[in-house]
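Asks: return atomic coordinates for the entry below.
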Amino acid sequence: MLLEKGIGYKNVIGDFWRDLNSQNIGAGVIAAIFGLSAGVIHISAGTAAGLPMDFLIFWVTSLYFINGVFGLLVPAYYRQPLPMANSIPGALLFAAVIPTVGLGPALGATLIAGILTLLIGLSGAMGKIMRFTPTPIVLGMIGGVLLRFGLNLVAPLQDALLPSLLMIGAYLLTTKFFKKFPAVISSLVVGIIWLVVTGTDFSKVSLVVDYPRFVVPEFSLEAFLAYGLPLTIILVGMETPVGVGLLKAVGYKNIPANGVTFANGLGTTIGAFFNLHSTAIAAPMTGIISSPEAGKLEKRWVAAVVIGIIWIAVAPFYGSLVTLFKITPSYFINIVAGLALVKVLISTIGGALSANNHKLGALFAFLVAASGIKLLGVGASFWALIFGIVISLIVETEDFKKKSDD
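Replies: Below is the predicted model of the structure:
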């Protein structure tokens, strides 16, 4: 077994309280809220596919409970900011394929994908792939993936100028004058005050309680080819490289690429028995809690555990949050998420384009990832790495002979 060895769970509670501070708590809360808001995407995709609301509610309930548990275990074991969530591309594919192949076979395909991903993690292949992937190309891919969060940060200036200026202004002033206080929290508070002052109707928020439900997956070749195989590629070729690359970009060493891939597979395997389509390291949340705003490098792991705690606590009541997010203006979450990722965007895009080698490969990786293209059913982040590496091999052959930045 070739999984990277972590610090383990001995003294984890004491280490958690020792490393806990306002910065990693703030980053964890912001990332948790961002991740919870993403559940609306699942509800919307499922509704568009004609899936019943009761299924959608216990789908997202399982999502936050199971991935909340993994979000406690994985970062606590490795003492690194490794938040666990799910694959949104996988979720969209899952919702779309159920009307065609049925829920049971879709979950069977999920189970197979989880086992395949788990075995790839155990083989040690993921660590080798990431070790020999040039850092500028990885940074370019990540910058392209996260670019839309930066664009969504400034887009509300067109239609929601005043609240956007207030929220962004609160972030900038806190960054300037209160360096030790999480600036994104200031933006969040100002945004909430604005919603209250402007009379947002919270009366439509209702209490909904549900729990994960056990089901027995079924198996069909059609479901595996339509969903299971693409999901495996997504988990291995998209989710792990982005998450690991983000940590590399902010200065982490010895990142457990094999361990992350194994956790993705194990969570996906277990989730298949509870109507859940996947478990995967959460790239945007990784960006939020691994950024300098989350405090000292060695203490940022606490933010991932904070996310796990919040998700486990909120999971049974997620149906209530759905009604809350529906009345929250879209600019609210977009601005908070964009501000939380500002410094990550600086380090990834800046690092990719200012590198001394693999410049063309890094640029193409950035452009392909930012384009959002999908080829052969596989998303842009996977192809960004492929195109970036191939172009660099053709044009920048000598760069592969130089001492690696990794």
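Asks: tell me who's in contact with Leu56.
Replies: Leu56 is in contact with His42, Ile43, Gly46, Thr47, counting by Cβ atoms under 8 Å, 6 or more residues apart in numbering. C-betas here are computed from N, CA, C, even on glycine.
Asks: what about the closest residue to Gly251 other than its chain neighbours, how many residues nearby?
Replies: Take Gly251 and drop its neighbours on the chain: the residue closest to it by Cβ to Cβ, 6 or more residues apart in numbering is Leu297, 6.0 Å away. Using other Cβ atoms under 10 Å, Leu297 is surrounded by 16 other residues.
Asks: for Leu297, report the pLDDT, please.
Replies: Per-residue pLDDT puts Leu297 at 92.
Asks: ok so, going back, in TSV, list the contacts of Leu56 along with secondary structure.
Replies: Below are those laid out as TSV (DSSP: H, G, I helix; E, B strand; the rest coil):
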residue	secondary structure
His42	helix
Ile43	helix
Gly46	helix
Thr47	helix
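Asks: max pairwise distance over those residues: which two?
Replies: Taking every pair in the contacts of Leu56 and measuring Cβ to Cβ, the maximum separation is 9.5 Å, between His42 and Thr47.
Asks: looking at these two, which is more packed in?
Replies: Ranked by neighbour count (other Cβ under 10 Å), His42 and Thr47 place His42 first, with 22 against 13.
Asks: tell me who's in contact with His42.
Replies: Per Cβ under 8 Å, 6+ apart, neighbours of His42: Leu56, Trp59, Val60, Leu63, Ala91, Ala95.
Asks: so where is this structure shaky, pLDDT-wise?
Replies: Along the chain, the parts satisfying pLDDT under 70 run over 1, 40, 44, 48, 130-132, 180, 322-323, 325-326, 377-379, 402-406.
Asks: pull out the buried residues from the helix or strand containing Ala303.
Replies: For Ala303, the host element (DSSP states H and E) is helix 301-314. By neighbour count on 16 or more other Cβ atoms under 10 Å, the buried set for helix 301-314 is Trp301, Val302, Ala303, Ala304, Val305, Val306, Ile307, Gly308, Ile310, Trp311, Ile312, Val314.
Asks: doesn't Ala294 make contact with Ala303?
Replies: Yes. The criterion here is Cβ atoms under 8 Å, and Ala303 meets it with Ala294 at 5.2 Å.
Asks: which neighbours do those two share?
Replies: Common neighbours of Ala303 and Ala294 (Cβ under 8 Å, 6+ apart) are Asn24, Ala27, Gly28, Pro81, Ile288.
Asks: roughly how far apart are the third one and Leu297?
Replies: Spelled out, that is Gly28. If you measure Gly28 against Leu297 using Cβ to Cβ, to the nearest Å, the figure is 15 Å.
Asks: the fourth one too?
Replies: Distance, Pro81 to Leu297, using Cβ to Cβ: 9 Å.
Asks: and if you look at the second one?
Replies: Distance from Ala27 to Leu297, counting by Cβ to Cβ: 13 Å.
Asks: any idea which element the residue nearest to Leu188 when sequence neighbours are not counted lies in?
Replies: Leaving aside its sequence neighbours, Leu188 sits nearest to Val336 (Cβ to Cβ, 6+ apart; 5.5 Å). Per DSSP H and E: Val336 is located in helix 330-340.
Asks: in that helix, which residues are buried?
Replies: Buried, per 16+ other Cβ under 10 Å, within helix 330-340: Tyr331, Phe332, Ile333, Asn334, Ile335, Val336, Ala337, Gly338, Leu339, Ala340.
Asks: got the contact list for the second one?
Replies: Contacts for Phe332 (Cβ under 8 Å, 6+ apart) come out as Pro163, Gly191, Leu195.
Asks: and with 6 Å instead?
Replies: Gly191 (Cβ atoms under 6 Å, 6 or more residues apart in numbering).
Asks: rewinding a little: pretty sure the residue nearest to Leu188 contacts Val190?
Replies: No. Val336 is not in contact with Val190 according to Cβ atoms under 6 Å; the separation is 10.3 Å.
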